[in-house]
Structures are given as structure tokens and as C-alpha cells.
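# Quick one: sequence plus predicted model below, questions after.
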Amino acid sequence: MVSSEIVGDNNKPAIPEICKTTLCGLPDLVQSHILSFLPRLSIINVSLTCRLWREVIIAFPKQCAKAQFDKATVKSCTRKFLIIIKEKGRPNISKTFPIVEENAYEPPRKDGRIEEEQKNEDVQSKCTPGIIQRFDKIVRIGIVKTLKIDAIDITEESIDRIVHIFAHVEKVTLTNMDLQGISNEKARKLLFGMGNTKLNISFTWINARLFDNSFWEKCKDQLCVLELDTVIVRQRKVNLYLVYKTIGQAGIPVIREDKFIHLCSRIPSITFGVQNELNADTIIRIFK
Amino acid sequence: PNVKLVTSDNEEFVVDFRIAKMSVTVSRLMEAMNMSETDDASLLSNSIPLPNVTKAVMARVIEWCEKHKNDEPKEEKENDKRGRTTHVVSDWDKEFLKNDEFGRLCQLMGAANYLEIKGLFNDISQTIANMIHGKKSDEIAEMFNIHCDLTEAEKKEIRKKTAWCED
């Protein structure tokens, strides 16, 4: 190994050690390269630092890192629409939007209930264009791993937009949703259309027709994990917890549907928790 | 074999051929000047001018290259699925860059970019990104001695656009 050595005139005037060069003096591409290493929400603070960096971020959006959101939750509760973003290792960021501005209420009821009761009542919030715009902002800044939609009055049009905006999510969770008025095709688009490999549905009203052959085919083709917990089909509550292609978590399947055995036969692997309520005959029939 | 590199302030550095080849820019210049590892005469009679690098910075670049000259070439990694670049800065590199005053770090970054030394370039990028992370805009401006030239209206607009995700 030959060591490098400095050969030169040591009597030359020394170049000042402290150089006035700042980051902004580097070529834009170099700056954008640095920004591509920036984690999480720092990019927003950088864009507020000076016009040049703002321009660099706008000019090189692909090079600039996006935030990584573990979860984006969209929910309605007590007459509010909530968007909650969870970034790993950081506190939740949430924004609340009154749903009254979007005409998402039913008219006040005249059944004598006191105003306070009405105020605290949970109402399904319509997924309005204004809210959809908020979703756009989320994905412009960050990449969402899990999208959770909770108690939102969803329409077929909003499904199209949501699927388009969140096309990259890994997991979709639907809770307290009423999908009975949604066509099979659109419901399936919501469940699978984002390219997600995990799907969790719980306390959700669905049309029984949704679980037809093509649903299970789609599961088989696309999902690593399917969790169905307390799906309500036409007034009959079905507690079903399936974990397929398991992720190390035991499931507790509790189902009072004869179809269950048939469904199991369509799934590559199922984990039954030790507390499952299946009787021995059922389990034997499943294995057969 | 050794290669002679001449900086903007006419300082001559004699470096190992392998170190010279770590720079894509130098490598290309050597090819253009028909300098080859097996041709000592061509190496002795030529020197590579590097007008964009000063003596002080070149010394740092060479120090980094000395440490990494035997490294296995790293496989090109695509940005991860979520669009973020990932790079692990080794402990030695962290220590190497730790004591650099920020202005010098930027100079080193500029040199790594000009010389096309990818490993060094990524090390510094990650180091600067780590310095920025978690800081508010005024702290970033102060740290990097940046005068904020955004108007209040522009700041308001930026904040408005990202309002939902601020604390």
C-alpha cells in the first residue's frame, strides 16, 4: 500500500479554514440529493428555511424524501371529521374538521332529546370533496403504510378518489363502515384496489353478496393477511377472525355460519387461536 | 504506481493509482490523457488538474479514500419502496466527518460531487440530512447561516399547504 503524501510549497499563503460556502451554494442537484436523505417531516421545515430550498424541493420532488406515515386514520365522531397521522416514533398529528360545513348532518331531530345529547351523538360523516383534498395533501407529504377508515359515510365516487390517492398503502382497515349501499364492484375496489397486501375489516356492515367466489379469489391472489372481525351481514353478526398467510398472530375464529368451512377451504392457511369457539367436528371437517 | 493531482491552489498530491481511480472524474481524465497503470512514464509525465478542489479539501478527500480504497464495490441500491434514499454511514466515517466545521463539510461535499466519489458523497449527504432532521426552520437557517428570504405571505402559504400535518 502506498501512502498518499502531500507534496507542495508550504510557504504559500494559507487558505482560510473557515469557508463561506453554505449548503445553498452547492448545485441544486447536490442539494436535492441531500434532501433525499432527509427523514420524516423535516422536509417541511426545510421548505420554510429559504426560497432556494423551497424551489429545490418543488423542482426535485422525486429526490426529496417523503415522510413515512405508519398510519393515516380517517374517522368521524361526535360531529367531527378527524384525520390522524401516525409517524413512527413521533406523537400523533391530528386535524379536526367540523362536518357541519359540509352539510353532512341529518337535520336536527325533533324527538325531544336535549341538545347536549345531540351534540355528542356519533354521526357518519360524508367523505366530501373537501376531505378528499386533505387526503391529497397527506400523500403529497408522506407515504402511508396503513389506511384506516372509520365510520365514514362513503360513496362510490369517493371510493374511486380514495383508491387513486392511496394507491400505495400496504394495509387497509375498515371499521364501523356501512358498505351495504355500495355495489360489489366498488366495495371490492375499496378492499383490494389500493394494492394492499393486508386487509382488516371489523364492525362493518356489508352486503352478503360481497363474499362471493371472486372475493376469495382476490384474497388468494393478493393478500398476505386477511382479518375479518365482527362483520355484520344483513342483521346477522358474524364474528370471524382469520389470519391467512399468518404473521405470527393467533386468530380467534368464531363463526356461526355453515359457510365457514367452505370459506376455509379457499384459504391457503389459517391460524386458529386456542380460545376459538369451533367445536372439534368443525375443525375436523375443515382439515378434511 | 502513483498519480499526481494538482489542486486549484497549485498543490500537488501524489496518490496511489487505486485512490485516483476512486474518482470517476479523475479516472476519465486519466483515460483521456492515455495514462494507464502499466505505463509508468505516462503517470510520471502527466498530472491531473483539479481546478475545483483546494489543497485543504483534497487532503480530506484523500484521507477518506485511503480508508476506503480496499472496500468492496457496493451494489447500487434503488431508493426504497417509499421513495426514500437509505445509506448507512459507518462509525469511521461518522468520526471522520464529525469534526468538520460546516463550511468545510460543504466544500467536501462539493469536491465529492465534482470528483464523483459516490461513497463520500452519500456519507456527507446523510450526515447533513441528520443535522437538519428534527430542527425547526429557524434553527436550520441559523445552523447553516442562511438568511430566510421568504416573505411572511409566502411562509403563510407554505404553512397553509401543510397545515394539517403541523403540530
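Cool, got the structure.
# pLDDT at residue 50, what is it?
No chain was given, so I picked chain A. On the pLDDT scale, residue A:50 is placed at 83.
# Can you look at chain B instead?
pLDDT, residue B:50: 92.
# swap in residue A:161?
In the prediction, the pLDDT value recorded for residue A:161 is 92.
# how many other residues sit next to the residue nearest to it when sequence neighbours are not counted?
Using CB to CB, 6 or more residues apart in numbering or on different chains and skipping residues adjacent in sequence, the residue nearest residue A:161 is residue A:132, 4.9 Å away. In this view, the C-beta of every residue, glycine as well, is placed from N, C-alpha and C. Using other CB atoms under 10 Å in any protein chain shown, residue A:132 has 16 neighbouring residues.
# Okay, and residue A:132 sits in which element?
Secondary structure from DSSP states H and E places residue A:132 in helix A:129-141.
# The helix or strand following that helix vs chain B: in contact?
Counting by DSSP H and E, the next helix or strand C-terminal to helix A:129-141 is strand A:142-150. Yes. Strand A:142-150 is in contact with chain B by CB under 8 Å from any CB of the partner chain, via A:142-143.
# Let me see the mean pLDDT of strand A:142-150.
Over the span of strand A:142-150, the pLDDT mean works out to 90.
# Within the sheet, what are the partner strands of it, with directions?
As defined by DSSP bridges, the strand partners of strand A:142-150 come to strand A:67-77 (parallel), strand A:171-175 (parallel).
# Point out the other helices and strands that the helix holding residue A:132 packs with.
Under the contact definition 3 or more CB pairs under 8 Å, 6 or more residues apart in numbering or on different chains; DSSP states H and E, helix A:129-141 sits against strand A:67-77, strand A:80-87, strand A:93-98, helix A:156-165.
# redo that, cut-off 7 Å
Judged by 3 or more CB pairs under 7 Å, 6 or more residues apart in numbering or on different chains; DSSP states H and E, helix A:129-141 is in contact with strand A:80-87, helix A:156-165.
# Report the inter-axis angle for that helix versus strand A:67-77.
160 degrees (axes from the mean of the first three to the mean of the last three CA atoms, to 10 degrees).
# buried stuff in helix A:129-141?
Buried residues in helix A:129-141, counting neighbours by 16 or more other CB atoms under 10 Å in any protein chain shown, are found at A:131-132, A:134-135, A:137-139, A:141.
# mean pLDDT for the helices and strands packed on helix A:129-141: which is lowest?
For the helices and strands packed on helix A:129-141, where the average pLDDT is lowest is strand A:80-87, sitting at a mean of 84.
# how big is the angle separating that strand from helix A:129-141?
Going by the same axes, to 10 degrees, strand A:80-87 makes 10 degrees with helix A:129-141.
# Paired strands for strand A:80-87, with orientation please.
strand A:67-77 (antiparallel), strand A:93-98 (antiparallel).
# buried sites along it?
A:81-87.
# which strands and helices sit next to whichever helix or strand residue A:200 is part of?
When secondary structure is defined by DSSP H and E, residue A:200 falls within strand A:198-206. Identification of packing neighbours for strand A:198-206 by 3+ CB pairs under 7 Å, 6+ apart yields strand A:171-175, strand A:225-233.
# do that again at 10 Å, thanks
Helices and strands touching strand A:198-206, by 3 or more CB pairs under 10 Å, 6 or more residues apart in numbering or on different chains; DSSP states H and E, are strand A:142-150, strand A:171-175, helix A:184-192, helix A:213-222, strand A:225-233.
# Let me have those in CSV, extended by mean neighbour count.
Formatted as CSV, the helices and strands packed on strand A:198-206 follow (neighbours: other CB atoms under 10 Å in any protein chain shown):
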stretch, mean neighbour count
strand A:142-150, 22
strand A:171-175, 22
helix A:184-192, 19
helix A:213-222, 14
strand A:225-233, 20
